[in-house]
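**Q** Sharing a sequence plus its predicted fold:
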Amino acid sequence: MDLRIQHKPLVKYNLQRNPFPNVGVPDETVSVYVDREEELRIIEDAIIGTIRGSSSHVIIVGSYGNGKTATLKFVKKQIEQQLPTALAVYISNPGETFLEFYRNFMYEIGIERLERFAWSYLGHVCETPDLKQKVNRGEVLISEVMEIGKIRLYSDLKYTDFATAFLKFVLEETKFLSWKYLCGEPVVFEQRKELDVVTLINTDEKALRAFMCLKRVLKSIGYEMICMLVDELESIELLHSFRKQRLLNNIRRLIDLNPSGLCLILACAPEAWSSMIRDYHAFAERIFREVVLKPLNNEVIREFVAAYLNHYRIKSVNENPGIDPFTEDAICLLYTSDA
């Protein structure tokens, strides 16, 4: 075996690499997206409505392979590129409890972004732009700004432990502990003492309260909307009926507690969504818009293949290389096999 040799070069096809992986899982950033104008318009209306002040939510329904994950990731990319005052978070699975749902949300935000939020908040309440740089240069004492931040955040949130852990993101020695705590992970007594917190975020109720606190902090630093893009909602169907009802009820409470500034975009298989509509209408009736993803037709599959290939071309052989090295018969085969 000689791993240095490229046994199947794609240069002769004018391709940098094979754009079609063996497993059809979308990349983290979706580079090609076609023929979903009407579906995207519905999602766009929900996002714009939320930005304007009234929370709006969407369910994307489609069978496996119809593009639910690609749609969620495409929408996330569009929000990040076009709406600087919106936080878009893709969640691959809702989990089995609301605590897990919250934890997955925090994991996707990430430690570095939460640290930036903490510095932005301190800079906001202290009215000091570029606060982190000024602290690093010794122009401002971190102890002084922390004290100002505590007074303000304790008053705003009425949740001392959350506020303490959030502010201690700006201290290098406690940043990782703050991360663990705010993600709802177990933190032993000695670590809680070091972080100066008492209770853990270890129940659905506390997770919901922590989310509300984070949303309030984000609003204070200029974020008008949180968009949660939740994939594989159908996994809830595998839970025992009591646990399923409890999780859906907590998501319903999340919706009810956020009449503004929250947009949930959920993706679900058709059978599971029909079951939720039938058995949990208190939850389903709060999702105002439904997007149904149907399989692509022959013409759109051709457009999709051409767009994907062109995205990975080494250079353009001619003005419109089209689907080469695919043939029209191959496109028809793809369409009939998918159907």
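**A** Yep, it's here.
**Q** going forward, measure contacts between C-alpha atoms and count neighbours the same way
**A** Will do.
**Q** Distance of Q78 relative to I221?
**A** 21 Å (CA to CA, to the nearest Å).
**Q** L195 now?
**A** Here L195 is placed at a distance of 24 Å from I221 (CA to CA).
**Q** who's more crowded, those two?
**A** For L195 versus I221, neighbours defined as other CA atoms under 10 Å are more numerous around L195 (20 against 17).
**Q** L167 sits in which helix or strand?
**A** L167 belongs to helix 160-167 when assigned by DSSP states H and E.
**Q** Give me the distance from the helix or strand just after that helix to the chain's centre.
**A** Sequence-wise, the next helix or strand downstream of helix 160-167 (DSSP H and E) is helix 175-182. Helix 175-182 has its average C-alpha position 20 Å from the chain's average C-alpha position, going by CA atoms, centre = their mean, to the nearest Å.
**Q** before we move on, the earlier item: what packs against the helix holding L167?
**A** Contact analysis of helix 160-167 by 3 or more CA pairs under 8 Å, 6 or more residues apart in numbering; DSSP states H and E lists helix 111-125, helix 142-157, helix 175-182 as its packing neighbours.
**Q** if we go to 7 Å?
**A** For helix 160-167, the contact count by 3 or more CA pairs under 7 Å, 6 or more residues apart in numbering; DSSP states H and E identifies helix 142-157, helix 175-182 as packing neighbours.
**Q** any idea of the mean pLDDT in the shortest one?
**A** Read it as helix 175-182. Across helix 175-182, pLDDT averages out at 97.
**Q** Now do the buried residues in it.
**A** For helix 175-182, the buried set under the neighbour-count rule, 16 or more other CA atoms under 10 Å, comprises 175, 177-182.
**Q** what's the answer for the longest one, then?
**A** Applying a neighbour-count criterion of 16+ other CA under 10 Å, the buried positions in helix 142-157 are 142, 145-146, 149-150, 153, 157.
**Q** Now do it and helix 160-167, the angle between them.
**A** Comparing the axes of helix 142-157 and helix 160-167 via axes from the mean of the first three to the mean of the last three CA atoms, to 10 degrees yields an angle of 140 degrees.
**Q** Relative to the whole chain's centre, how far out is helix 142-157?
**A** In this view, helix 142-157 has its centroid 29 Å away from the chain centroid, taken as CA atoms, centre = their mean.
**Q** Let me know the angle separating that helix from helix 111-125.
**A** Going by the same axes, to 10 degrees, helix 142-157 makes 90 degrees with helix 111-125.
**Q** CA atoms of helix 142-157 as PDB?
**A** Extracted as PDB, the C-alpha positions of helix 142-157 are listed here (Å, rounded to 0.1, in the frame of the first residue of the first chain):
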ATOM      1  CA  ILE A 142     -10.400  43.700  35.400                       C
ATOM      2  CA  SER A 143     -11.400  43.700  39.100                       C
ATOM      3  CA  GLU A 144     -13.100  47.100  38.700                       C
ATOM      4  CA  VAL A 145     -15.100  46.200  35.600                       C
ATOM      5  CA  MET A 146     -16.100  42.800  37.100                       C
ATOM      6  CA  GLU A 147     -17.500  44.600  40.100                       C
ATOM      7  CA  ILE A 148     -19.600  46.900  37.900                       C
ATOM      8  CA  GLY A 149     -20.700  43.900  35.800                       C
ATOM      9  CA  LYS A 150     -21.800  42.000  38.800                       C
ATOM     10  CA  ILE A 151     -23.900  44.800  40.200                       C
ATOM     11  CA  ARG A 152     -25.700  45.200  36.800                       C
ATOM     12  CA  LEU A 153     -26.100  41.600  35.900                       C
ATOM     13  CA  TYR A 154     -27.200  40.400  39.300                       C
ATOM     14  CA  SER A 155     -29.900  43.100  39.200                       C
ATOM     15  CA  ASP A 156     -31.000  42.300  35.600                       C
ATOM     16  CA  LEU A 157     -31.100  38.500  35.800                       C
END
